[in-house]
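1. curious how this folds, go ahead:
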Amino acid sequence: MHPLMILLKHVPEDFAIMLSTITLTKDPANPTDTYTFRAGVICSSIGWNLERKLGLYLHDIHHTTGNVPNYAAKMSF
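-> So this is what the prediction gives:
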């Protein structure tokens with residue numbers, strides 16, 4: 001059985017697997033590190049479509065879903 005299906009059947013929380021992507025900038029000594037949504041299990045998908053979010057950067061996901069309380073202070077990378 002696929003590991004995400006095991007999570008879906010046994011754990012009542014949502015899981016989002018984010019992978020780090022380092023992007024070079026104009027200043028090679030200062031690359032940016034962003035996170036991309038690559039896989040997940042969403043148990044309570046109220047207004048959330050997993051397929052539309054796959055491949056998006058973390059900040060783009062939260063920008064398109066509206067104001068997420070404490071996002072900048074606690075979750076922004």
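2. okay, now the unreliable bits of the chain?
-> Applying pLDDT under 70 to the chain flags the ranges 31, 44-45, 63-77.
3. ranges for the strands of it?
-> Secondary structure of the chain by DSSP state E: the strands cover 15-23, 32-41.
4. return the list of helices and strands in contact with the last one.
-> Under the contact criterion of 3 or more CB pairs under 8 Å, 6 or more residues apart in numbering; DSSP states H and E, the helices and strands touching strand 32-41 comprise helix 3-10, strand 15-23, helix 58-64. Backbone N, C-alpha and C define where each C-beta goes, glycine included.
5. list the buried residues in the first one.
-> Okay, so that is helix 3-10. Buried residues in helix 3-10, counted by 16 or more other CB atoms under 10 Å: Leu7, Leu8.
6. show me what it is in contact with.
-> Phe15, Ala39, Gly40, Val41, Cys43 (CB atoms under 8 Å, 6 or more residues apart in numbering).
7. and that helix, how far from the chain's centre?
-> Counting by CA atoms, centre = their mean, to the nearest Å, helix 3-10 is centred 18 Å from the centre of its parent chain.
8. ok and that helix relative to strand 32-41, angle-wise?
-> Inter-element angle recorded for helix 3-10 and strand 32-41: 60 degrees (by axes from the mean of the first three to the mean of the last three CA atoms, to 10 degrees).
9. measure how buried the closest residue to Asp33 other than its chain neighbours is and give me the count.
-> Leaving aside its chain neighbours, Asp33 sits nearest to Ile22 (5.3 Å; criterion: CB to CB, 6 or more residues apart in numbering). Using other CB atoms under 10 Å, Ile22 has 8 neighbouring residues.
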